[in-house]
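Enquirer: build me a model from this:
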Amino acid sequence: MNCIAVIPVYNHEHAIGGVVSALLAHGLPVLLVDDGSSPACAAVLDQQAIRHGVTLARHAVNQGKGAAVVTGLKLAAQQGYSHALQIDADGQHDTADVPRFLAAAQQYPLAVIAGCPVYDDTVPKGRLYGRYATHIWVWINTLSLRITDSMCGYRIYPLASTLPVLEQMKLARRMDFDPEIAVRLDWQGLRTINLPTRVHYPQDGVSHFDYLRDNVRISAMHTRLFFGMLIRLPRLLARHRAPRA
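Expert: Below is the predicted model:
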């Protein structure tokens, strides 16, 4: 297994340096995807690429977090990596857990290693409670509790299995990306290893979650997945009778 960290970045110039340094300290190569950031952030990313030798890809205009992750995953595969660690650029994810994620991926190389957030008191209550609606729909659309948290953007993907699934996801390009790919990978039979990890929301953190726009997109995504689940119903039910690998 050889793994690279993929970080979608949109105007996180104040936090990204710390995230990159922490990942490099764990011996993990880094791929930054600038999703149409401001000139100030773009300059910081240029500095990171020069100073640390990390790979930098760019979108000319903002396309959304999901689109940036897709660009990063495809580029990681082109560079010969077998796995990619997705992590947010704002510093909310605990990079001290990187060795645990990598160890789990070594043990289960065909599985998705999915972060399961353990929040402290910095979490916005609206975000915390709103996640449960998505959790319930994901459990319905997989007919299981296999995915504990589908919205956490801290996870490791096995690229050989993930890239074909991206072709089925033309619409999920923003905050709807994380839950949709989690469900679609589950539909393909990939095991999800749920790994508890601490999540902290910095007081000066920048969030690009739009409560109205992104919740509408997520609702549309759940509707697509529900009808997809109905088509796959016999196969999903059969998984409950099959012995666990």
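Enquirer: ok, Gly228 to Thr142 distance?
Expert: 11 Å (Cβ to Cβ, to the nearest Å). Yep, even glycine has a C-beta here, placed from its N, CA and C like the rest.
Enquirer: same question, Gln86
Expert: 20 Å.
Enquirer: equivalent analysis for Val20, please.
Expert: Taking Cβ to Cβ, one finds Val20 at 34 Å from Thr142.
Enquirer: for the most centrally placed residue in the chain, give me its contacts.
Expert: Against the mean C-alpha coordinate of the chain, by Cα atoms, centre = their mean, the closest residue is Gly153 at 3.3 Å. Contacts for Gly153 (Cβ atoms under 8 Å, 6 or more residues apart in numbering) come out as 65, 69, 86-88, 93, 115, 178.
Enquirer: how does it look with 10 Å?
Expert: Contact analysis of Gly153 by Cβ atoms under 10 Å, 6 or more residues apart in numbering lists 7-8, 65-66, 69, 86-90, 92-93, 115, 175, 177-178.
Enquirer: distance check, Val20 against Ala60.
Expert: Using Cβ to Cβ, one obtains 22 Å as the distance from Val20 to Ala60.
Enquirer: if you count what's nearby, which of these two comes out ahead?
Expert: Neighbours per residue (other Cβ atoms under 10 Å) separate Val20 from Ala60, with Val20 holding more: 24 against 7.
Enquirer: point me to the helix or strand that includes that one.
Expert: Taking DSSP states H and E as the criterion, the element that holds Val20 is helix 16-25.
Enquirer: where in the protein is pLDDT low?
Expert: Judged by pLDDT under 70, the chain has its weakly predicted residues at 124-129, 203-212, 214, 242-245.
Enquirer: buried residues in the helix ranked longest in it?
Expert: Secondary structure of the chain per DSSP state H: the longest helix is helix 211-231. By neighbour count with 16 or more other Cβ atoms under 10 Å, helix 211-231 contains the buried residues 214-215, 217-218, 221-222, 224-225, 228-229.
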